[in-house]
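**Student:** Quick one, structure for this:
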Amino acid sequence: MTEAKKKAVTTAKKKSETVEAKAKASKLSAKNPAVKAKETTKESKEVVEAVETKAEPEVAKAGKRSSKALHEAEEKQAKEERKAHAGEAAPKEKPKKIHKPARSKLERRGKKFREVAKLIDSSKEYGLKDALALVIKTSPTKFDATVELHINLGVDPKQADQNIRGTVALPAGTGKALRVAVMADADDVAAAKKAGADIAGIEEVIALLDKETLNFDVLVSTPQQMAKLGKYAKLLGPRGLMPNPKSGTVTVDVAKAVTEAKAGKVEYRVDSTGIVHLGVGKVSFGETKLEQNVEAVMTGIRSAKPASLKGVFLKSAYITTTMGPSIRLTIN
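**Tutor:** Residues are numbered from 1 along each chain as shown. So this is what the prediction gives:
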């Protein structure tokens with residue numbers, strides 16, 4: 001007989017002996033009630049002692065049975081219980097907030113603006129003469145305000161041929177004393193100064209640009225000197241001072257350019273939304289001079305209509321002062 005079989009036989013014998021012993025004990029306890037009660041009492045005492053002396057669960061250093069993990073589990077269970085109780089409780093009604101109606105744009109303006117705005121009918125279009133008479137009356141400022149013209153054009157500035165840009169000479173001038181700088185050779189410097197240039201000469205202009213001192217309003221240059229202004233493009237470009245052939249500031253005849261700039265030649269250009277913004281004079285000019293300037297601007301813009309445009313070119317036009325209300329013009 002092999003060792004494995006011997007072990008199996010030995011184990012079977014031990015099991016049968018244990019079963020027989022338990023059966024005898026149960027028979028004795030069944031015959032003797034006192035013995036049975038004693039055994040029951042003993043078992044209950046053992047159970048009570050086990051419950052009372054039950055040790056806390058073993059705590060591991062890490063993992064699900066660690067002290068940190070057990071603490072987090074207890075907190076999670078407590079949180080879920082609080083949520084359940086909160087869901088059962090009836091939700092409290094929040095008091096309704098009283099929202100005040102938003103004030104209109106006119107109501108948010110100043111007192112003087114509101115008073116002069118009463119003179120204008122916003123639903124009406126005014127002729128040029130009536131609009132100029134009103135725009136002078138409705139200027140709420142104490143200083144000599146600029147009269148501005150805003151024209152909405154039906155163009156797409158992203159298209160190269162519809163990016164409207166040009167110059168116009170205002171018959172009555174702009175009302176501003178413009179400072180003109182000229183970058184030209186020595187032969188043209190004398191003629192430019194005679195025409196009224198405030199700064200003239202290559203070295204003089206470059207010295208100012210190196211210091212980033214832009215104490216001029218218009219910069220005129222000859223085509224030969226434009227290469228020297230290339231490194232100052234970031235300084236001049238954002239301020240609208242970079243000479244450009246379209247605006248007439250890059251020219252061989254610098255004396256003529258200076259004369260036109262001093263006389264009131266202004267440049268206009270459509271912005272990204274298709275609107276031209278331009279100052280056409282001062283309130284102190286009076287109706288006659290302002291009318292001449294406005295008509296000159298409108299004529300110049302009409303002549304700049306692109307050939308590829310099929311829709312409406314002049315959509316709307318408004319005239320206003322620096323801090324006054326706007327007046328819609330009738331477009332004829």
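
**Student:** Which stretches in the stretch 1-150 of the chain count as strands?
**Tutor:** Assigned by DSSP state E, counting those that start in this stretch, the stretch 1-150 of the chain shows strands spanning 146-153.

**Student:** low-confidence ranges in it?
**Tutor:** Applying pLDDT under 70 to the stretch 1-150 of the chain flags residues 1-59, 61, 86-93.

**Student:** and if we set it to 90?
**Tutor:** For the stretch 1-150 of the chain, the stretches flagged by pLDDT under 90 are 1-118, 121-123, 141-142.

**Student:** where along it do the helices fall?
**Tutor:** 3-31, 33-52, 67-88, 111-117, 128-137 (DSSP state H, counting those that start in this stretch).

**Student:** which parts of the shortest one are buried?
**Tutor:** Looking back up the chat, that one is helix 111-117. If you call a residue buried by 16 or more other CB atoms under 10 Å, then helix 111-117 has these buried ones: 116-117. Bear in mind the C-beta positions are built from the backbone N, C-alpha and C, glycine included.

**Student:** From the chain's centroid, how far away is it?
**Tutor:** The chain centroid and the centroid of helix 111-117 are separated by 31 Å under CA atoms, centre = their mean, to the nearest Å.

**Student:** Please save the CA atoms from that helix in CSV.
**Tutor:** Taking C-alpha atoms only, helix 111-117 is exported to CSV below (Å, rounded to 0.1, in the frame of the first residue of the first chain):
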residue,chain,number,x,y,z
LYS,A,111,-27.9,115.9,-18.1
LYS,A,112,-26.7,118.3,-20.8
PHE,A,113,-26.7,115.5,-23.4
ARG,A,114,-30.3,114.6,-22.5
GLU,A,115,-31.5,118.2,-22.8
VAL,A,116,-30.0,118.7,-26.3
ALA,A,117,-31.1,115.3,-27.5
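
**Student:** Now do the buried residues in stretch 185-197.
**Tutor:** The neighbour-count check on stretch 185-197 (16+ other CB under 10 Å) flags 188-189, 191-193, 195, 197 as buried.

**Student:** how about those in CSV, adding pLDDT, secondary structure and distance to Arg103?
**Tutor:** Below are those laid out as CSV (pLDDT from 0 to 100; DSSP: H, G, I helix; E, B strand; the rest coil; distance: CB to CB, whole Å):
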residue, pLDDT, secondary structure, distance to Arg103
Asp188, 86, helix, 59
Val189, 87, helix, 59
Ala191, 88, helix, 59
Ala192, 88, helix, 54
Lys193, 88, helix, 56
Ala195, 87, helix, 53
Ala197, 88, coil, 51
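
**Student:** Identify, from the residues you listed, the entry nearest to Pro101.
**Tutor:** Closest approach to Pro101 among the buried residues of stretch 185-197 (CB to CB): Ala197, at 58.0 Å.

**Student:** ok, now which ones touch that closest one?
**Tutor:** 180-182, 220, 254, 258 (CB atoms under 8 Å, 6 or more residues apart in numbering).

**Student:** among the residues you listed, which two are most distant?
**Tutor:** Ala181 and Val254 (10.7 Å).

**Student:** anything in contact with each of these two?
**Tutor:** Jointly contacting Ala181 and Val254 under the rule CB under 8 Å, 6+ apart are 197, 220.

**Student:** residue boundaries of the strands in the stretch 201-332 of the chain?
**Tutor:** Counting by DSSP E, counting those that start in this stretch, the strands of the stretch 201-332 of the chain are 218-221, 265-269, 275-282, 314-321, 327-328.

**Student:** right, and these - which one's nearest Leu241?
**Tutor:** Leu241 lies closest to strand 218-221 among the strands of the stretch 201-332 of the chain, at 5.1 Å (CB to CB).

**Student:** and the closest one, how far out from the chain's middle?
**Tutor:** 35 Å.

**Student:** isn't Pro325 right up against Lys118?
**Tutor:** No: the pair Pro325 / Lys118 is not scored as a contact, 9.5 Å apart, by CB atoms under 8 Å.

**Student:** of those two, who's got more company?
**Tutor:** More crowded of Pro325 and Lys118, by other CB atoms under 10 Å: Pro325, with 22 against 10.

**Student:** quick one: that one and Gly173, what's the gap?
**Tutor:** According to CB to CB, to the nearest Å, Pro325 and Gly173 sit 25 Å apart.

**Student:** Neighbours of the residue nearest to Leu329 when sequence neighbours are not counted, how many?
**Tutor:** Take Leu329 and drop its neighbours on the chain: the residue closest to it by CB to CB, 6 or more residues apart in numbering is Ala317, 4.4 Å away. Residues near Ala317, counting by other CB under 10 Å, number 24.

**Student:** Please confirm that Gly166 is located within a strand.
**Tutor:** Yes: counting by DSSP: H, G, I helix; E, B strand; the rest coil, Gly166 is part of a strand.
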